[in-house]
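K.L.:
Dropping a prediction and its sequence here:
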Amino acid sequence: MSEQGLKAVFSEVRPMLLRLLVARLGDREEAEDALQDLWLRIDQLGDRPIDHGAAFLYRAAANLATDRRIASLRRSARETGWLELQPRGDEYPDAERAIIASDRLRRVEAAIARMPERMRTALLMFRFEGKKQREIAEHLGITVSGVEKLLHRAYRQIDETGDNRGAEVERQHRIEDEGAANDA
């Protein structure tokens, strides 16, 4: 059967193909889109000979419906997963919180910039680079106790900026140090 013959068969069985696709996809518009895709595929076949044109078209329509259902399920799962990962509206900071956080950050950065070089280095290595106190002590050429004192003074200077997080960070630091001392 030639391309012209297959297109003629398509025109004849179009209402049945549409019913098949509506039954498989559950939506008339989606079925119409699938039928359009089927027509485009027939157009791309060229002059290939095809036996049993109607059977070929029904099988192609059924395959298209299956492909579309699978794609729809995957798209739905992907969108659902994406939406579940998005923060809720109440999780976004409001303008006031954003301004307060920006102000706090500016004050902490200024406090760090005013610190003596060794103190700043110890703090940055410990908090931002994740170095152990022993590594910092070796780098600075001082004892671990000296590093602890530098960090203690650094936290106090941050606390004096008016940002109460400095005291909390120091308490957390002390808890971590006690746990490390018990492990050693």
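P.N.:
Structure received.

K.L.:
contacts and neighbour counts: CA atoms only from here.
P.N.:
Fine.

K.L.:
And the helix or strand encompassing residue 109, how far out from the chain middle?
P.N.:
Residue 109 is part of helix 95-114, with elements assigned from DSSP states H and E. Relative to its chain's centre, helix 95-114 lies at 28 Å (C-alpha atoms, centre = their mean, to the nearest Å).

K.L.:
Identify all contacting residues around it.
P.N.:
Contact with helix 95-114 is made by 120, 154, 157-158, 161, 163, as judged by C-alpha atoms under 8 Å, 6 or more residues apart in numbering.

K.L.:
what about 7 Å?
P.N.:
120, 157-158, 161, 163 (C-alpha atoms under 7 Å, 6 or more residues apart in numbering).

K.L.:
Domain parsing of this structure, as residue ranges.
P.N.:
Domain segmentation of the chain under automatic domain parsing yields 3-85, 93-183.

K.L.:
mean pLDDT for the ones you listed: which is lowest?
P.N.:
Lowest mean pLDDT of the domains of the chain: domain 93-183, a mean of 83.

K.L.:
chain center to it, what's the gap?
P.N.:
Offset of domain 93-183 from its chain centre (C-alpha atoms, centre = their mean): 30 Å.

K.L.:
How many residues are close by residue 26?
P.N.:
Residues near residue 26, counting by other C-alpha atoms under 10 Å, number 13.

K.L.:
Who wins on neighbours among the contacts of helix 95-114?
P.N.:
Among these, residue 158 has the most neighbours (other C-alpha under 10 Å), with 23 neighbours.

K.L.:
Dump the helix or strand containing that one to PDB, keeping only the CA atoms.
P.N.:
With secondary structure defined by DSSP H and E, residue 158 is part of helix 144-159. Only the C-alpha atoms of helix 144-159 are listed here, as PDB (Å, rounded to 0.1, in the frame of the first residue of the first chain):
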ATOM      1  CA  VAL A 144      45.600  24.100  70.600                       C
ATOM      2  CA  SER A 145      44.800  26.000  73.800                       C
ATOM      3  CA  GLY A 146      46.000  29.200  72.000                       C
ATOM      4  CA  VAL A 147      43.500  28.500  69.200                       C
ATOM      5  CA  GLU A 148      40.700  27.900  71.700                       C
ATOM      6  CA  LYS A 149      41.500  31.300  73.200                       C
ATOM      7  CA  LEU A 150      41.600  33.000  69.800                       C
ATOM      8  CA  LEU A 151      38.200  31.500  68.900                       C
ATOM      9  CA  HIS A 152      36.700  32.400  72.300                       C
ATOM     10  CA  ARG A 153      37.800  36.100  71.800                       C
ATOM     11  CA  ALA A 154      36.600  36.100  68.200                       C
ATOM     12  CA  TYR A 155      33.100  34.900  69.300                       C
ATOM     13  CA  ARG A 156      33.100  37.500  72.000                       C
ATOM     14  CA  GLN A 157      33.900  40.200  69.500                       C
ATOM     15  CA  ILE A 158      31.100  39.000  67.300                       C
ATOM     16  CA  ASP A 159      28.700  38.900  70.200                       C
END
